[in-house]
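Undergrad: What follows is a predicted protein model with its sequence.
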There are 2 protein chains.
Amino acid sequence: MNVQLLNKKEAIFESTLKLINEYGFHGTPMSQIASHANVATGTIYHYFNSKDELIIELFKYCREKTNLHIFSFNEDLPYKEKFFFIWNRLVDYYIAHKETFWFIEQFYSSPYYELIKQKKTTYYGVDKMQQFFEEGIKSDVLRNVSFYTLISIYIGSATSHVKMVTYGFCKMQTKGREELIEIIWNGVKNQKYEG
Amino acid sequence: MNVQLLNKKEAIFESTLKLINEYGFHGTPMSQIASHANVATGTIYHYFNSKDELIIELFKYCREKTNLHIFSFNEDLPYKEKFFFIWNRLVDYYIAHKETFWFIEQFYSSPYYELIKQKKTTYYGVDKMQQFFEEGIKSDVLRNVSFYTLISIYIGSATSHVKMVTYGFCKMQTKGREELIEIIWNGVKNQKYEG
DNA sequence: TGCACCCGAATGAACGTTCAATTGCTAAAT
DNA sequence: ATTTAGCAATTGAACGTTCATTCGGGTGCA
């Protein structure tokens, strides 16, 4: 697959992302995606077998890009700094790529997700996250609570915050953000370490 | 509007809720909703002007029911107990009404929400929640952080937890839940009060 | 008599997908 | 260096289906 093809496939991805955000899964016909991406309708079917497959592949594409972005930290940083770094990178990325954020949210809460969740997909992001939290617990920096508890707070608060900001409910003042991640840190850190 | 009608309208709501969860906004034709609710297709249009209106009204209906449920606490309880109570009621309600939960999530992250958010809808839930957090801050039980920070942690963790459970990623062991709300409480409570 | 409620077949537009035809590229053959 | 064969990429009109909505007619209660 040469560069030209990659470009077309990506053009289709980006157009789908934009249009689905605006009109939803249904409100976005293949023909509209095609013309927005400057390709013919038939061309989409060269890369994807169906609209559903296109949407599923787009989801994986978005998730992959996001994960690559947030885990790009220096391994030598102290744990606490990594803890703040990843969370902030995630929030930054989503705010800078609102369409990716909303598309992922929409996908997760739609029946589409059922189609791919069973595939015990030890995919990059969850692996990394679990590993990161386990590291924190083993080294006694984090309280010994379950992975699911940690991820509920950590990811849940990040997405909640991004929702607030992108809905326009609150300004993106850095103060609110710092407050938020700091509260979480206070909640999950092992009290033995620096108050 | 008599009882019979209320029943029909609710039957339409409940059928829509169930089918949209299974097949999504698009995958659910009006005809299918009608036959599932044991009414004629045309009848739906007696109660709602369009499919979009039906979906929007269903959203309000679900949100209202949820809010009425979670704010049904005894005002005399100490603040901390109310803090735990509301969170637990919310999680309980969503787990017991998965379809309501997923529908609301789907709606919030779809373009539909754009259609109703501007209406500076000081709706029941947000009002109550804001009032509750303000009460906590004024009485010095909670740290003095912004409403949006509090709600991001409080609601975000609850929905995240419910997602985990309803996806089947983690069992609904009460332990995990207690851990979670306790961590949040630790994070947001004013340190001056009981460690 | 009038009005609200209810029915479901008919309508017509919209959409996902197909396909036969065309172009462009690569590499083997001459 | 030129030709040629073959495959990948691309096109967009056409097809057949599906679906939201309409509407003319029916029922029963005030």
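TA: Ah, there it is.

Undergrad: When you work out contacts or count neighbours from here on, use the C-alpha atoms and nothing else.
TA: Noted.

Undergrad: so how many other residues sit close to residue A:129?
TA: 18 (other CA atoms under 10 Å in any protein chain shown).

Undergrad: typo on my end, residue A:113
TA: There are 16 residues near residue A:113, going by other CA under 10 Å.

Undergrad: and the closest residue to DNA strand C within chain A, how many neighbours does it have?
TA: Using CA to the nearest atom of the strand, the closest approach of chain A to DNA strand C is made by residue A:29 at 3.0 Å. Using other CA under 10 Å, residue A:29 is surrounded by 16 other residues.

Undergrad: With residue A:108 instead?
TA: 19.

Undergrad: ditto for residue A:28
TA: Counted by other CA under 10 Å, the residues lying close to residue A:28 total 16.

Undergrad: repeat for residue A:158
TA: Quick note: residue A:158 (other CA under 10 Å) scores 24 neighbours.

Undergrad: Likewise for residue A:175?
TA: Residue A:175 has 11 nearby residues by other CA under 10 Å.

Undergrad: Report all helices and strands that the helix or strand harbouring it contacts.
TA: Here residue A:175, judged by DSSP states H and E, is contained in helix A:174-188. Using 3 or more CA pairs under 8 Å, 6 or more residues apart in numbering or on different chains; DSSP states H and E, the elements in contact with helix A:174-188 are helix A:147-167, helix B:147-167, helix B:174-188.

Undergrad: Quick check: buried residues in it?
TA: A:176, A:177, A:179, A:180, A:181, A:183, A:184, A:185, A:186, A:187, A:188 (16 or more other CA atoms under 10 Å in any protein chain shown).

Undergrad: And the residues you listed, which is closest to residue A:135?
TA: Comparing the buried residues of helix A:174-188 against residue A:135 with CA to CA picks out residue A:188 as the nearest, at 13.5 Å.

Undergrad: from memory the closest one sits against residue A:143, does it?
TA: Yes - counting by CA atoms under 8 Å, residue A:188 touches residue A:143, with 5.6 Å between them.

Undergrad: dump the residue contacts of residue A:165.
TA: Contacts for residue A:165 (CA atoms under 8 Å, 6 or more residues apart in numbering or on different chains) come out as A:95, A:171, A:172.

Undergrad: any idea which of those residues has the most stuff around it?
TA: residue A:95 (19 neighbours).

Undergrad: residues contacting that residue?
TA: Residues counted as contacts of residue A:95 (CA under 8 Å, 6+ apart) are A:101, A:162, A:165, A:166.

Undergrad: What separation is there between whichever residue of chain A sits closest to DNA strand D and residue A:49?
TA: The minimum distance from chain A to DNA strand D, using CA to the nearest atom of the strand, falls at residue A:42 (3.0 Å). The spacing between residue A:42 and residue A:49, counted by CA to CA, to the nearest Å, is 11 Å.

Undergrad: One more: residue A:149?
TA: 38 Å.

Undergrad: what about those two, which has more around it?
TA: Per other CA under 10 Å, whichever of residue A:149 and residue A:49 has more neighbours is residue A:149, with 23 against 10.

Undergrad: Pretty sure residue B:162 is one of the things the more buried one touches, is it not?
TA: No - between residue A:149 and residue B:162 there is no contact under CA under 8 Å: 11.1 Å.

Undergrad: where does chain A come near chain B, residue by residue?
TA: When proximity is defined as CA under 8 Å from any CA of the partner chain, chain A approaches chain B at A:21-26, A:102-103, A:105-106, A:109-111, A:145-146, A:148-150, A:152-153, A:155-161, A:164, A:170, A:176-177, A:179-180, A:183-188.

Undergrad: how about a cut-off of 6 Å?
TA: A:26, A:106, A:109, A:149, A:152-153, A:156-157, A:160-161, A:180, A:183, A:186-187 (CA under 6 Å from any CA of the partner chain).

Undergrad: re earlier: columns distance to DNA strand C and mean pLDDT on top of the helices and strands packed on helix A:174-188, output as TSV?
TA: Below are these laid out as TSV (distance: least, CA to the nearest atom of the strand, whole Å; pLDDT from 0 to 100):
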stretch	distance to DNA strand C	mean pLDDT
helix A:147-167	26	95
helix B:147-167	26	95
helix B:174-188	41	92
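
Undergrad: do the strand or helix carrying residue A:31 and DNA strand D meet?
TA: For residue A:31, the host element (DSSP H and E) is helix A:30-36. No - counting by CA under 7 Å from any atom of the strand, DNA strand D has no neighbours in helix A:30-36; the shortest distance is 7.8 Å.

Undergrad: buried sites along that helix?
TA: Applying 16+ other CA under 10 Å to helix A:30-36 flags A:30, A:32, A:33, A:34, A:36 as buried.

Undergrad: what helices or strands is whichever helix or strand comes after it leaning on?
TA: As assigned by DSSP H and E, the chain's next helix or strand after helix A:30-36 is helix A:41-47. Counting contacts by 3 or more CA pairs under 6 Å, 6 or more residues apart in numbering or on different chains; DSSP states H and E, helix A:41-47 is packed against no other helix or strand.
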